[in-house]
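Colleague: need a 3D model of the following:
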Amino acid sequence: MRGLRIKDRVRLRPAGGGPTNGGAAEYYEGTLIDFIAGQNIAAAAVLKLDRSITRSGITGNMLVLELSYLGACWAPVGTVHAELRNARHGTPEWRQRLCRAPIGEHFTYEQLMRRSWLSRARAFLDAVPIERRHEAGL
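Modeller: Reported below is the predicted structural model:
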């Protein structure tokens, strides 16, 4: 499996399965839209969430993910800390980090696999009973 790239779907959940919001264990999903200069050596990833969230009085749907460990790279699975942003990506407010709220130090991210037409076809065939496949010549 390859490392993360722009347009990849990503799921983010608290490391250890802890709560993300008021005691309810949940996860965030979104699309990776950019890599930007990070605070560390590695680039930071910009994740556009499927839905907006509110933390520390800030509501937004953009997270900046920074790798948690020195020497880590953007592999298909890893550990990050996350920061919520509510300004449009690329604006001066965004770059100066004026509109942000940290939401957690240790999150686990995972790259979600895109289902190819072949995997969808296999899933369809797996749902058809074997007797029916022979009748239909599949």
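
Colleague: how about the CA coordinates for the helix or strand in which D50 is found, as PDB?
Modeller: Assigned by DSSP states H and E, D50 belongs to strand 44-55. Output in PDB follows, covering the C-alpha atoms of strand 44-55 (Å, rounded to 0.1, in the frame of the first residue of the first chain):
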ATOM      1  CA  ALA A  44       1.600  18.800   7.700                       C
ATOM      2  CA  ALA A  45      -1.500  17.400   6.100                       C
ATOM      3  CA  VAL A  46      -4.700  19.400   5.600                       C
ATOM      4  CA  LEU A  47      -7.900  17.200   6.000                       C
ATOM      5  CA  LYS A  48     -11.300  18.500   4.900                       C
ATOM      6  CA  LEU A  49     -13.800  16.800   7.200                       C
ATOM      7  CA  ASP A  50     -17.100  15.500   5.900                       C
ATOM      8  CA  ARG A  51     -18.900  17.500   8.600                       C
ATOM      9  CA  SER A  52     -18.000  20.500  10.700                       C
ATOM     10  CA  ILE A  53     -17.100  20.100  14.400                       C
ATOM     11  CA  THR A  54     -16.800  22.600  17.300                       C
ATOM     12  CA  ARG A  55     -13.900  22.700  19.800                       C
END
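
Colleague: helix or strand next in line after it, which one?
Modeller: By DSSP H and E, the next helix or strand past strand 44-55 is strand 58-67.

Colleague: how about the secondary structure of H106?
Modeller: Using DSSP: H, G, I helix; E, B strand; the rest coil, the structure places H106 in strand.

Colleague: kindly apply the preceding question to P102 instead.
Modeller: strand.

Colleague: all further residue positions should be reported with the first residue as 35.
Modeller: Got it, first residue is 35 now, which makes that one P136.

Colleague: skip the chain neighbours and tell me the closest residue to it.
Modeller: E117 (5.3 Å; C-beta to C-beta, 6 or more residues apart in numbering). (Glycine included, C-beta is placed from N, CA and C.)
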